[in-house]
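> Here is the input, now give the coordinates:
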Amino acid sequence: MIPKRDVRFVVSVSAEYRRDITPCCTQQTLHGQYLAIKLKPEPSISTGVSWTPAPARQNRGMPARPPVPRVPGSGHAASAPRLSFQITVFELENFQGQKRELTEETPNVTEEALEKVGSIQVESGPWLGFGRQAFCGEQFVLEKGAYPRWDAWSNSHSSDSLMSVRPLHDHKIHLFENAGYNGRKMEIVDDDVPSLWAHGFQDRVASVKALDGTWVGYEYPGYRGRQYVFERGEYQHWNEWDANQPQIQSVRRVRDQQWHKRGCFETS
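Residues are numbered from 1 along each chain as shown. Model (predicted):
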């Protein structure tokens, strides 16, 4: 018996040795002389084919992450669809009488078959209603839900009219490194950024596109220094917001005063 510690493979002696084997040692057995050999390792060969590791095993009880949708032919992830808006206004209370379905801003909701608005059903929103035409007068925030009477959407008893509506979009702004919307770009959606540096963006902002909402840019981090207001529109050069240099280091949204309280007051 050939000791296992001394032998890798056992083959009979041949006049020609394969090029990929190397003699190791010889052992004498009852059936003649045998040669113990070991194989040379095959050299590694680069085939140019990349491999993909198997996906990580999901933890038990945890659902698999859904695949990211792709834009056909682009190779890029598809962006989330914009929020849809739909509102139905009724001429009478409790959703009775003539009605009109709206999906976009309407400066006069009574121009087609309606004399007034007595109730509202917001299918998807939110919306902003106005007491007068052309988005003027008292304002009413209309979130998703049912408003069977005028006092359901108005906290004021001075007016029961609603004459125009428009969707309330999320705040969205694009900051560009150079004038004319060139260079590096930073997109901010529905968020406040006290430091552009913390998000990997430099302090140089030379052009701006305020796509939705009203924004305030500040010269220094933490909302300090000179303020620059960006209402909805495009600003292709920093001179258009009356700046002496293209420097903005923090940005926030302009919202209701309740979101930016400057002090605390207690009553006894």
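
> residue contacts, the closest residue to Leu142 other than its chain neighbours?
Closest residue to Leu142 apart from its sequence neighbours, by C-beta to C-beta, 6 or more residues apart in numbering: Trp127 at 4.2 Å. C-beta: built from backbone N, CA, C; applies to glycine. Contact analysis of Trp127 by C-beta atoms under 8 Å, 6 or more residues apart in numbering lists Phe85, Ile87, Val141, Leu142, Val165, Arg166, Pro167, Leu168.

> 10 Å instead, please
By C-beta atoms under 10 Å, 6 or more residues apart in numbering, the contact set of Trp127 is 85-87, 102, 105-106, 120, 140-144, 153, 165-168.

> Out of the residues you listed, list just those in strands.
Among those, the ones falling in strands (DSSP state E) are Gln86, Ile87, Leu102, Ile120, Phe140, Val141, Leu142, Val165, Arg166, Pro167.

> now, which of those residues sits nearest Pro194?
Val141 (26.6 Å; C-beta to C-beta).

> now that closest one: how far from Tyr147?
11 Å (C-beta to C-beta, to the nearest Å).

> so what sits against both of these two?
The contact sets of Val141 and Tyr147 overlap at Gly129, Trp153 (C-beta under 10 Å, 6+ apart).

> which of the two has more neighbours?
A direct count of neighbours by other C-beta atoms under 10 Å for Val141 and Tyr147 places Tyr147 higher, at 25 against 12.

> Can you get me a residue count around the residue nearest to that one when sequence neighbours are not counted?
Leaving out its chain neighbours, the residue that sits closest to Tyr147 by C-beta to C-beta, 6+ apart is Ile120, at 4.2 Å. Residues near Ile120, counting by other C-beta under 10 Å, number 26.

> Same question for the one 5 residues further on.
By the other C-beta under 10 Å criterion, the neighbourhood of Gly125 contains 19 residues.

> just the one 4 residues further on next, same as before
Each residue near Gly129 was counted by other C-beta under 10 Å, and the total is 26.
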